[in-house]
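Novice: what's the 3D shape of this:
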Amino acid sequence: MKLLVVGNGGREHALVWKIRQSPLVKDVYCAPGNAGIATLADCVPIETSNIVELADFAQTIKADLTVVGPELPMVLGIADEFHRRELPIFCPSRTAAEIEGSKAFAREFMHRHGIPAPHYEICDSAEAAQAFVKKAPFGYPFVIKADGLAGGKGTLLVQDKSEAKAAVEQIMTDKKFGVAGAKVIMEEFLDGEEISFLVFSDGSRVVPMVSVQDHKRAYDGDQGPNTGGMGTVSPSTILNVDVHKQIMQAAIRACSTPAS
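Specialist: Coordinates of the predicted model:
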């Protein structure tokens, strides 16, 4: 087989490393790749946001499968472009990827399907966000999130009104996260440990992956800004059988039933 991996980070390095071990695979390409990936695959200088050029390249080399790592090409609709050309790809459609591409969409989706989540409010403007800060209905601390993709760094925990006002200005006025901050989601702060729980799905069936426990804050004692995930433990130390069943029933399988 001839495979193309899209991306240039540690996730894609791991994908290339594992794919290369398969006896079914002859050639591996990675776009754009990085210096480490170049020891395992042929790197191609195509940016992950250029979905048309990526599809052109997959078509040219007659790739048997393309595997997408980063969220950005998913949200831009790379799967739709490949499907239009009947090119095999492992990646959600643009519509399905919206749950990752927009935190506002994700929160509203969870609300519709009765999936447990913190209380939240969506603000479409800096004025609306500052008005929320003035009321602070969730009390302090609370969480402010940029709506769009921000490399895992668009979540800010604010301890008081001055921090909240400054965070709104950074995200919505100064455009710290670019267009990702056109909307913000104000969320109730939940204290506890985090589990990243992912599943494979073909649209009707789900198979859970191994859980991961993320450590995102930059400094010791859960201090400092989010890093996007600078250290993990897998499997999670707090995921027992009962919690696993609860997540599958309350979050994963809940998505497969029509919202009332």
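Novice: from Ile19, how far off is the spatially closest residue to Arg11 that is not a sequence neighbour?
Specialist: What sits nearest to Arg11 in space, not counting adjacent residues and going by Cβ to Cβ, 6 or more residues apart in numbering, is Gly69, at 4.7 Å. Just so you know, the C-beta spots here come from the backbone N, C-alpha and C atoms, and that holds for glycine as well. Counting by Cβ to Cβ, to the nearest Å, the separation of Gly69 from Ile19 is 11 Å.
Novice: next secondary structure element downstream of the worst-scoring helix or strand of the chain on mean pLDDT?
Specialist: The helix or strand of the chain with the poorest confidence is strand 223-226; it has a mean of 77 (mean pLDDT, DSSP states H and E). Downstream of strand 223-226, the next assigned helix or strand under DSSP states H and E is strand 232-233.
Novice: quick one, helices of the stretch 151-260 of the chain?
Specialist: 161-168, 241-247 (DSSP state H, counting those that start in this stretch).
Novice: which other residues reach the shortest one?
Specialist: Put plainly, it is helix 241-247. 195, 197, 208, 211 (Cβ atoms under 8 Å, 6 or more residues apart in numbering).
Novice: just put these in TSV and tack on pLDDT.
Specialist: What follows is these, written out as TSV (pLDDT from 0 to 100):
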residue	pLDDT
Ile195	88
Phe197	90
Pro208	94
Ser211	92
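Novice: out of those, which is nearest to His13?
Specialist: The shortest approach to His13 among those belongs to Ser211, at 21.3 Å (Cβ to Cβ).
Novice: what lines up beside the least confident helix or strand of the chain in the sheet?
Specialist: Sheet pairing of strand 223-226 (DSSP bridges) gives strand 217-219 (antiparallel).
Novice: give me the contact list for the strand it pairs with.
Specialist: Here strand 217-219 has contacts from 223-227, 230, using Cβ under 8 Å, 6+ apart.
Novice: Arg85: which of the contacts of helix 241-247 is nearest?
Specialist: Looking across those and measuring by Cβ to Cβ, the closest to Arg85 is Pro208, at 31.5 Å.
Novice: the closest one is in contact with Ile195, isn't it?
Specialist: No. Contact between Pro208 and Ile195 fails when scored by Cβ atoms under 8 Å: they sit 11.5 Å apart.
Novice: compare those two (neighbour count), which wins?
Specialist: Higher neighbour count among Pro208 and Ile195: Ile195, with 17 against 13, using other Cβ atoms under 10 Å.
Novice: any idea how far the more buried one is from Ile247?
Specialist: 8 Å.
Novice: same thing with Pro116?
Specialist: 10 Å.
Novice: which one's more surrounded, these two?
Specialist: Ile247 (18 against 10).
Novice: below-threshold pLDDT in the stretch 101-250 of the chain: ranges please.
Specialist: Where the stretch 101-250 of the chain drops to pLDDT under 70, the residues are 228-230.
Novice: how about the contacts made by Asp124?
Specialist: 182-183.
Novice: repeat for Pro235
Specialist: Counted by Cβ under 8 Å, 6+ apart, Pro235 has contacts 210-212.
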